[in-house]
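K.L.:
my questions are about this predicted structure, shown below with the sequence.
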Amino acid sequence: MTIHPICCPISCSAIKSDILYLSAFPKIERHSLRELHAAARKGRAEYLAFYDGRKFVGLTYLIVRDGVALLLYFAVNPKMRNMGYGSSILQSLKERYSGKDLVILIESIYDDGVFCKR
């Protein structure tokens, strides 16, 4: 697994990550791409693309401050799901931020005990 930090919004990794970001999260849950890229460029956040060789696997977006890494967005390429890549990305984050508390917010896929699909 290779990690590509996204600093330039017109890089190949940024374009692939942006497309996945827009398709993986409902509009109401998203920040603007301009805000995401600006924060990453200024060092206030880390926007990361993950690759297995040349295959784009997924993305993460984290705020890292004061000994805490807060995972705000995490998505796996739909073509690469159910192959263990999500677990591999989480393991990569655990290694990258060792010595920091890695905080992951998870939303429920259930609404009143019934499975919901967005």
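P.N.:
Yes, it's here. These figures come from a predicted structure and were not determined experimentally.
K.L.:
name the strands paired with the longest strand seen in the chain and say parallel or antiparallel.
P.N.:
Using DSSP state E to define each element, the chain has its longest strand at strand 55-65. When pairs are called by DSSP bridges, strand 55-65 turns out to pair with strand 46-52 (antiparallel), strand 68-76 (antiparallel).
K.L.:
buried residues, the shortest one. List them.
P.N.:
Read it as strand 46-52. Of the residues in strand 46-52, those buried under the neighbour-count criterion (16 or more other Cβ atoms under 10 Å) are 46-50. All C-beta atoms are positioned from the backbone trio N, CA, C, and that covers glycine.
K.L.:
tell me the one of those nearest residue 105?
P.N.:
Proximity of these to residue 105 (Cβ to Cβ) peaks at residue 46, which lies at 16.0 Å.
K.L.:
burial of the closest residue to the closest one other than its chain neighbours, as a residue count?
P.N.:
Take residue 46 and drop its neighbours on the chain: the residue closest to it by Cβ to Cβ, 6 or more residues apart in numbering is residue 62, 4.9 Å away. Residue neighbour count, defined by other Cβ atoms under 10 Å, stands at 24 for residue 62.
K.L.:
of all the strands paired with strand 55-65, which one comes closest to residue 89?
P.N.:
Distances from residue 89 to each of these were compared using Cβ to Cβ; the minimum, 5.3 Å, belongs to strand 46-52.
K.L.:
where does this protein dip in pLDDT?
P.N.:
For the chain, applying pLDDT under 70 flags the ranges 108-118.
K.L.:
neighbours around residue 73, how many?
P.N.:
Close neighbours of residue 73, defined as other Cβ under 10 Å, add up to 20.
K.L.:
about what we covered before: which of the buried residues of strand 46-52 lies at the shortest distance from residue 23?
P.N.:
Here the nearest of these to residue 23, counting by Cβ to Cβ, is residue 49; it sits at 14.8 Å.
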